[in-house]
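[1] the sequence isn't on hand, but the structure is:
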């Protein structure tokens, strides 16, 4: 009888142990489900932005972690022309910020051929496009300004007599397009200057900035914000009459799967917190 009682007790203890074990497994499983759910709720946004926004958007991304910790931001910085081509070819992108309306227009179905959308492309989510910022086209020189270039007029004079080397952006990137407008304003011929060996090129504004920083040229036409970030001396800025306003449009793309999150981040870029980051390196609100 005692043996039977002991057997029963042992059996009960074993059963309770198994149940307790199952209980522990349930707790762990619930935790795993919770973790998996949190991962599923996280959102990654891919932002294609002009190279001149590298420093500001990197800083703003850190700030945005406190605003929307469930959203991670991935950036692709390059010339606006390159980014536009990548979008057209099917690259994954949620938000596009261009250094010129031209590249945005080329992707915007609300624009016709006269506005630049000659291929009738449709990538902009209508109702989300904004003019985000304005920049300035600056004439920057290396440390010490060895060529003694102190204005656009000085640059023009020295280019005409082949006594200076200028770095500029390629014609397919916004900073290069603004430079060509400045050439037109001063009646400079790019082909002649290139033939005379007075011009070097960069595929984006960062490459032009590097040439000035390294003093491989006497001056470079870049954005005021890039000059600030590279700690370069700006000797002159172009007026709207010389090259027009330097407008940075931004929009959510209609290929995004994260419409609400993309709109929210675009709204944050218009906030006072983000504006303070932009303004401290030379961006300004649209006037």
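    Noted; the coordinates are in hand. None of the values given here were measured: they were computed from a predicted structure.
[2] what about residue 42, distance to residue 69?
    Relative to residue 69, residue 42 is positioned 9 Å away (Cβ to Cβ, to the nearest Å). Every residue, glycine included, has its C-beta placed from N, CA and C.
[3] right, I mislabeled it, should have said residue 92
    22 Å.
[4] of those two, which one has the most company?
    Between residue 92 and residue 69, counted using other Cβ atoms under 10 Å, residue 92 has the larger neighbour count: 15 against 9.
[5] any buried residues in the helix or strand harbouring residue 264, and which?
    In the assignment (DSSP states H and E), residue 264 maps to helix 259-268. Buried residues in helix 259-268, counted by 16 or more other Cβ atoms under 10 Å: 261-266, 268.
[6] so for it, mean pLDDT?
    Mean pLDDT, helix 259-268: 98.
[7] and it, what does it pack onto?
    For helix 259-268, the contact count by 3 or more Cβ pairs under 8 Å, 6 or more residues apart in numbering; DSSP states H and E identifies strand 43-50, helix 54-67, strand 71-78, strand 95-97, strand 246-252 as packing neighbours.
[8] which of those sits most buried?
    When neighbours are counted by mean count of other Cβ atoms under 10 Å, the highest per-stretch mean among the helices and strands packed on helix 259-268 falls to strand 95-97, a mean of 26.
[9] show the subsequent helix or strand relative to that one.
    Next along the chain after strand 95-97, taking DSSP H and E as the criterion, comes helix 101-105.
[10] next, the buried residues of that following helix.
    By 16+ other Cβ under 10 Å, the buried positions in helix 101-105 come out as 101-105.
[11] so which other helices or strands are in contact with it?
    Counting by 3+ Cβ pairs under 8 Å, 6+ apart, the packing neighbours recorded for helix 101-105 are helix 80-88, helix 174-185, strand 246-252.
[12] from these, which stretch is densest packed?
    Comparing those by mean neighbour count (mean count of other Cβ under 10 Å), strand 246-252 ranks first with a mean of 24.
[13] quick one: mean pLDDT over that one.
    Averaging pLDDT along strand 246-252 gives 96.
[14] which strands and helices sit next to that strand?
    In this structure, strand 246-252 packs against strand 95-97, helix 101-105, strand 130-135, helix 259-268, with contacts taken as 3+ Cβ pairs under 8 Å, 6+ apart.
[15] residue 246 is nearest to which of the ones you listed?
    strand 130-135 (4.3 Å; Cβ to Cβ).
[16] what residues does the helix or strand following the closest one touch?
    Next helix or strand after strand 130-135 toward the C-terminus (DSSP H and E): strand 137-141. Strand 137-141 is contacted by residues 147, 149, 151-152, 155, 175, 178-179, 182, 209, 212, 218-224, 226-227, 230, 232-238, 242-243, 246 when judged by Cβ atoms under 8 Å, 6 or more residues apart in numbering.
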